[in-house]
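Here's my sequence, what's the structure:
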Amino acid sequence: MAKVTPILYLFAVAVVGQALTPSTFLTTIDQDRLKKVFKSSTPYTDLPTVHYSILGLKLLGDTSINNQEICSTITKLVDNKSVASLYHASAAAKGVGNCKFPVGDAQKVLSDAIKDSVPVADIFYAFSALKNLGLQVDNAKVTSALTEALKKDDSPQSAGYGFFVASQLTGDTKKIFDSIEDVVAQADEVDDKYLQFEGGLYTTALVVDGAYKLAAKEKKAPTMSDDKVVKFANYFLSRKHVHQLRAAYQLVSVIKTLTDNQFHIPVAITLASPVAVTSSSPNVKVQVTNLLGGSIGSLTVTADSAKHISSEAIVLSKKPFTSKDSSTYELNFMQAKPVRGFYKIIISAKPSKEDKKLLGLTGAEVEVKVTTQVSIENVEIGVADKDQTTAARTTKVQYPGKASTVFEADYHQKIIVKFQLKDKADGTKMSAHQTFLKLTNQKTNQEIIFVADAASNKFDLDIGSSAGQFGHLSGKYSMELIIGDAVIENPFSWALGEVSLNFPEGQTPKDKGLDRYAKKPEIKHLFREPEKRPAAVVSTVFTFLVLAPVLILVLLWMKIGVNVSNFPMSLSAVGFHLCLAAIFGLYYLYWVELNMFQTVRYLGLLALPTFIFGNRLLSGIASKRKGEKKV
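Predicted coordinates:
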């Protein structure tokens, strides 16, 4: 059992390494793209843009900055009564160098801003501005205010600002340094490979960058495990295409920190040669660098194993790479005589002089593919009856030749194409992932493509059942065989010959119907014509009949008289009847002028007073009747 334990341990290390080791770095192309991001913000219209743009370019070593012009812009934009403005202006001026601008009573403005009742970010702005301007800083006051503010807000972003402030304070900052572990524990893990905080790239970079700057001040490694450091590095590199200015600056800053600190240096092991490995290009090259692509010194780089991904066959073990320069290493992979396919190579690196700062030296993965050239043999083309009552008449064709005769087939027959693919390297039979037979109508140029049976390298094309794909169009078609695969170096398209197809008459579509992508005729929708209205006399008679009861009522009132003695002369009674009359009037307007939506809107306005007046009227009548009964 004692012998097995070390093996299991090494296997576990390899598995962890596989998941974590960075497989990319901030290349010169990436750095040039980030420079464009920083330069794209010109002309400058605000101080934060000046700040992040100038400092980002400085970190990337850009020397095209017009310092005098930038200083003039800072002087023009600064507001010496704003803490944030003074912070951004002082940071940009410090980045430019030898740039002075009027600060007014900045000492008082900034000192008064440092108190425990403000957010940690405001303390960071005020403190950093004081330091950038060379003004007096009350370290005890800053420490007290920062400690209290962090108690109120323990979010990762506030902690990140706190780490930056503590890294420049004199005095005891051990308590803030010890909180690094708790803050890192809040990070979210993604795919067992990345670590990030909820605030995204800026917050994550701010926390990690600040933690290492504070660690440098404390002269003690931050409480952060090696695998977490590498996971943070993987996250930063996955976001290197960022276009947001502030996040881009913080990304460059944290990557700079992770390539130049006393405690942890993540190592990137990346493929530096084409993915395809061939007999003419047999070497696999890798680069072993820091996150900025810089050399990390002399190394011994070894291919621990190379495994065929589909068959899982191990083709080599413990093969050393040859050093080509300070960061590039090379291995002749074809010496292992690998068969075609995709391979995963596990790589480890060991520095000539032990350096515990270097992280991710074991279990790095690169994937390559071994490609080969193919030959096509035993090609036969023929036509046979679908019911197989007669043997197929086949013709052999030699690549890259073409069949001399034109094949003929109708909808009762099928076309047969057989062939064999062989690996030129070892002569073994193989199949291709992409094997197609394309038939092209020589008159219309319509193309119909069929897929081969990959296992048997055979086309068995039933003309009758495929008639719809041909549009039932008889005529002469060109046959073309297309072969391709990810591991085939010499994919090809081969004109096999011609075939004349005959479909039943009467089913051939019109010419313009052959192209399914052709412009279709415009669809003109015809609504149903409205029915004829009745004669005017009919509607007139109907209106009279509807209004006749009202006329009769008025005549009877005139003859008999109207008894209004029981009509309650109250506000609710008058209001209710007026609202009711208004509703009837609204119905009339709907009939002659308004549309449904206008009517509903006005009805909603009338409904509320009608309900209130009606409710009070009915309540009054009920109360009156109840009183009469008691009497």
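
so where's the stretch 351-500 of the chain shaky on pLDDT?
389-390 (pLDDT under 70).

show me where it has strands.
For the stretch 351-500 of the chain, the strands defined by DSSP state E, counting those that start in this stretch occupy 358-359, 364-370, 374-385, 393-397, 406-410, 413-423, 429-430, 434-441, 447-451, 458-462, 475-484, 492-502.

Reformat these as JSON lines; add distance to G162.
Every C-beta, even on glycine, is put in place using the N, C-alpha and C of the backbone. Compiled in JSON lines, these are given as follows (distance: least, C-beta to C-beta, whole Å):
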{"stretch": "strand 358-359", "distance to G162": "25"}
{"stretch": "strand 364-370", "distance to G162": "35"}
{"stretch": "strand 374-385", "distance to G162": "63"}
{"stretch": "strand 393-397", "distance to G162": "77"}
{"stretch": "strand 406-410", "distance to G162": "81"}
{"stretch": "strand 413-423", "distance to G162": "63"}
{"stretch": "strand 429-430", "distance to G162": "62"}
{"stretch": "strand 434-441", "distance to G162": "58"}
{"stretch": "strand 447-451", "distance to G162": "62"}
{"stretch": "strand 458-462", "distance to G162": "70"}
{"stretch": "strand 475-484", "distance to G162": "58"}
{"stretch": "strand 492-502", "distance to G162": "65"}
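
okay if I get these as JSON lines plus mean neighbour count?
Compiled in JSON lines, those are given as follows (neighbours: other C-beta atoms under 10 Å):
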{"stretch": "strand 358-359", "mean neighbour count": "20"}
{"stretch": "strand 364-370", "mean neighbour count": "19"}
{"stretch": "strand 374-385", "mean neighbour count": "17"}
{"stretch": "strand 393-397", "mean neighbour count": "15"}
{"stretch": "strand 406-410", "mean neighbour count": "16"}
{"stretch": "strand 413-423", "mean neighbour count": "20"}
{"stretch": "strand 429-430", "mean neighbour count": "14"}
{"stretch": "strand 434-441", "mean neighbour count": "18"}
{"stretch": "strand 447-451", "mean neighbour count": "13"}
{"stretch": "strand 458-462", "mean neighbour count": "17"}
{"stretch": "strand 475-484", "mean neighbour count": "19"}
{"stretch": "strand 492-502", "mean neighbour count": "17"}
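
The nearest residue to R33 once chain neighbours are set aside sits in which helix or strand?
Once flanking residues are discounted, R33 sits nearest to H241: 7.5 Å by C-beta to C-beta, 6 or more residues apart in numbering. Counting by DSSP states H and E, there is no helix or strand that carries H241.

got the contact list for the residue most central in space within the chain?
Residue closest to the average C-alpha location in the chain (C-alpha atoms, centre = their mean): R239, at 11.1 Å. When contacts are counted by C-beta atoms under 8 Å, 6 or more residues apart in numbering, R239 touches L201, A247, L251.

Same question for A573.
F567, F613, L617, G620.

Looking at those, which is nearest V230?
F613 (77.5 Å; C-beta to C-beta).

these two touch, right, the closest one and F576?
Yes - counting by C-beta atoms under 8 Å, F613 does reach F576; the two are 3.8 Å apart.

returning to what we had before: show me the contacts of R239 that map onto helices.
Within the contacts of R239, residues falling in helices by DSSP state H are L201, A247, L251.

Name the member of the residues you listed with the most neighbours.
In terms of neighbours by other C-beta atoms under 10 Å, those top out with L251 at 25 neighbours.

Could you say which helix or strand holds the closest residue to that residue other than its chain neighbours?
Here the nearest residue to L251 in space, its sequence neighbours aside, is A205; by C-beta to C-beta, 6+ apart that works out to 5.5 Å. According to DSSP H and E, A205 maps onto helix 201-218.

Check the offset of stretch 520-536 from the chain's centre.
Distance of stretch 520-536 from its chain centroid, counting by C-alpha atoms, centre = their mean, to the nearest Å, is 49 Å.

typo on my end, stretch 66-83
Chain-centre distance of stretch 66-83: 37 Å, with C-alpha atoms, centre = their mean.

got the contact list for that stretch?
Taking C-beta under 8 Å, 6+ apart as the rule, stretch 66-83 contacts 44-47, 50, 54, 85-86, 89, 92-93, 96-106, 109-110, 113, 122, 125-126, 129.

Out of those residues, which end up buried?
44, 47, 50, 54, 85-86, 89, 92-93, 96, 99, 101, 103, 106, 109-110, 113, 122, 125-126, 129 (16 or more other C-beta atoms under 10 Å).

Span of stretch 128-144 from start to end?
Taking C-alpha to C-alpha, to the nearest Å, the first and last residues of stretch 128-144 lie 16 Å apart.

from now on call the first residue 56
Yes, from this point I'll number from 56; that puts the last item at stretch 183-199.

can I assume S213 sits in a strand?
No - checked against DSSP: H, G, I helix; E, B strand; the rest coil, S213 lies outside a strand; its state is helix.

if I pick it, what's in contact with it?
By C-beta under 8 Å, 6+ apart, the residues touching S213 are P174, V175, A176, A204, L205.

Could you dump the residues you listed into a markdown table with neighbour count and distance to S350 added?
A markdown table is the format used below for those (neighbours: other C-beta atoms under 10 Å; distance: C-beta to C-beta, whole Å):
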| residue | neighbour count | distance to S350 |
| --- | --- | --- |
| P174 | 15 | 42 |
| V175 | 24 | 38 |
| A176 | 18 | 38 |
| A204 | 24 | 42 |
| L205 | 22 | 39 |
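
Kindly state the beta-bridge partners for P406.
Note on P406: beta-bridge partners L354, judged by DSSP bridges.

swap in T383?
Q342.

That one against V341, yeah?
Yes - using C-beta under 8 Å, T383 is in contact with V341, at 7.4 Å.

which neighbours do the two share?
Taking C-beta under 8 Å, 6+ apart as the criterion, T383 and V341 both touch A327.

contacting residues around A176?
Q212, S213, Y216.

mind redoing it with 7 Å?
Applying C-beta atoms under 7 Å, 6 or more residues apart in numbering to A176 gives the contacts S213, Y216.

tell me the SS of it?
Here A176 is recorded as helix under three-state DSSP.

Roughly how far does it sit from T198?
Using C-beta to C-beta, to the nearest Å, one gets 17 Å for the distance from A176 to T198.

Buried residues, the helix or strand harbouring K131. List them.
Taking DSSP H and E as the criterion, K131 maps to helix 122-132. For helix 122-132, burial by neighbour count (16+ other C-beta under 10 Å) applies to I125, C126, T128, I129, L132.

And those residues, which is closest to L492?
Distance to L492, by C-beta to C-beta, is smallest for I125 among those, at 65.6 Å.

Quick check: V629 is in a helix.
Yes - assessed by three-state DSSP, V629 belongs to a helix.

show me the contacts for A148.
A148 makes contact with C126, I129, C154, F156, according to C-beta under 7 Å, 6+ apart.

How is the third one assigned, secondary-structure-wise?
What that stands for is C154. Secondary structure assignment for C154 (three-state DSSP): coil.

just how off-centre is stretch 388-403 within its chain?
Offset of stretch 388-403 from its chain centre (C-alpha atoms, centre = their mean): 32 Å.

typo on my end, stretch 315-334
Stretch 315-334 sits 25 Å away from the centroid of its parent chain (C-alpha atoms, centre = their mean).

again with stretch 639-646
Per C-alpha atoms, centre = their mean, the displacement of stretch 639-646 from the mean C-alpha position of its chain is 57 Å.

residues in contact with it?
Counting by C-beta under 7 Å, 6+ apart, T654, Y657, L658, L661 sit against stretch 639-646.

Let's see the ChimeraX selection covering just the buried ones among those residues.
In ChimeraX syntax, the buried subset of the contacts of stretch 639-646 is picked out as below (16+ other C-beta under 10 Å):
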select :654,657
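
Reformat the contacts of stretch 639-646 as CSV; add pLDDT.
As requested, those are exported to CSV (pLDDT from 0 to 100):
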residue, pLDDT
T654, 91
Y657, 90
L658, 91
L661, 90
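
Kindly reformat the contacts of stretch 639-646 as TSV containing distance to A404.
Shown next, in TSV, are the contacts of stretch 639-646 (distance: C-beta to C-beta, whole Å):
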residue	distance to A404
T654	82
Y657	82
L658	82
L661	85
